[in-house]
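Asks: Below is the structure, and that's it, no one-letter string:
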Ligand code: ADP
Ligand code: MG
């Protein structure tokens, strides 16, 4: 098939594609974990034009802790740490993808990871209330280092930072050109480097944008056909974490909005995924699926995950 005729598939990889539950997250573990999703993406690249986005919650929180434990060098703001995670994770994804493509006998596929900025609004009320979990998971609040906001999540206690909504992806035109030129693109890492506009210039801000919402924005701005959000659960559940938990294969926009309002999806984890998928199909995207990292290919075929439908 001619490259231009292939549908555009955006795969948003969760932080767990690199660090699984219970792991310390060594570089060896992260490289090993990436093989499962990236092998599937390499396979899918035969039939789809591919954009990969990724989270950075564990990694950006770890970088923050690392520098807070050292007073010999100047501290870096969160925006710079987000940029660092785009570099480190982009490198890990790109090199793993390169090996997996070679295993499939594909030796000439161009790949690129792109430093991406994402505009946020200074007036976003999210600046007043930290919701985005980052860094290590602690069994109790007492174990978490003091001096910053901590919240209870489904996984345990975690540091939280502010997470404003993405307004626009600065590099959208470049990304479109790269897709047309046949590149597999890794972009919007960690939700993108958060910036506010100052006239024609940009100023970085201390925040971490949710990568699912940034991915939905990107998908809309570059015209993605299929949006897959790959995470560490099989899909979207009703009554998650209780004995009445029930995973759904399909969820329509109306019910999704009602379930969001009824508090079925946790802030900073499942809620932005459902919101991102809803936004994508509402704005005319063909298909959005929330699935597990092991079932990316099946989800693209319509055989796994929770499909968000109009
Ligand atoms: P990622 O790194 O992939 O973005 P997150 O931790 O942000 O992963 O989101 C996935 C998590 O959402 C799951 O591990 C689960 O604990 C949590 N979750 C909260 N509510 C639900 C729900 N209703 N259905 C499924 N998972 C849920
Ligand atoms: Mg997340």
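Replies: Received the coordinates, thanks. Please read all numbers here as calculations on a predicted model, not as lab measurements. Ligands and ions are numbered 1, 2, ... in the order given.
Asks: ok, the residue of the stretch 51-200 of the chain found nearest ligand 1 - contacts?
Replies: Closest contact between the stretch 51-200 of the chain and ligand 1, by Cβ to the nearest ligand atom, is at residue 154 (3.5 Å). Glycine gets a C-beta too; all of them are placed from N, C-alpha and C. Taking Cβ atoms under 8 Å, 6 or more residues apart in numbering as the criterion, residue 154 is in contact with 240-241, 266, 269.
Asks: Try it again at 10 Å.
Replies: Residues in contact with residue 154 (Cβ atoms under 10 Å, 6 or more residues apart in numbering) are 133, 233, 240-241, 266, 268-270.
Asks: what would these look like in JSON lines with pLDDT and secondary structure?
Replies: Below are these laid out as JSON lines (pLDDT from 0 to 100; DSSP: H, G, I helix; E, B strand; the rest coil):
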{"residue": "133", "pLDDT": "92", "secondary structure": "strand"}
{"residue": "233", "pLDDT": "94", "secondary structure": "coil"}
{"residue": "240", "pLDDT": "92", "secondary structure": "coil"}
{"residue": "241", "pLDDT": "88", "secondary structure": "coil"}
{"residue": "266", "pLDDT": "86", "secondary structure": "coil"}
{"residue": "268", "pLDDT": "79", "secondary structure": "coil"}
{"residue": "269", "pLDDT": "85", "secondary structure": "coil"}
{"residue": "270", "pLDDT": "94", "secondary structure": "helix"}
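Asks: Mind giving me the PyMOL select for those residues, buried ones only?
Replies: To isolate the buried ones among the contacts of residue 154 in PyMOL, judged by 16 or more other Cβ atoms under 10 Å, type:
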select buried, resi 133+233+240+266+268+269+270
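Asks: out of the contacts of residue 154, which touch ligand 1?
Replies: 233, 240, 266, 269-270 (Cβ under 6 Å from any ligand atom).
Asks: Of all pairs in those residues, which one spans the longest distance?
Replies: Maximum pairwise distance among those (Cβ to Cβ): 11.3 Å, between 233 and 266.
Asks: overlap in contacts of those two?
Replies: Residues touching both residue 233 and residue 266 by Cβ under 10 Å, 6+ apart: 154, 240.
Asks: Tell me how far residue 254 lies from ligand 1.
Replies: Distance, residue 254 to ligand 1, using Cβ to the nearest ligand atom, to the nearest Å: 17 Å.
Asks: What helix or strand is that residue located in?
Replies: For residue 254, the host element (DSSP states H and E) is helix 253-261.
Asks: For ligand 1, give me its nearest residue in the chain.
Replies: For the chain, Cβ to the nearest ligand atom, closest residue to ligand 1: residue 14, 1.8 Å.
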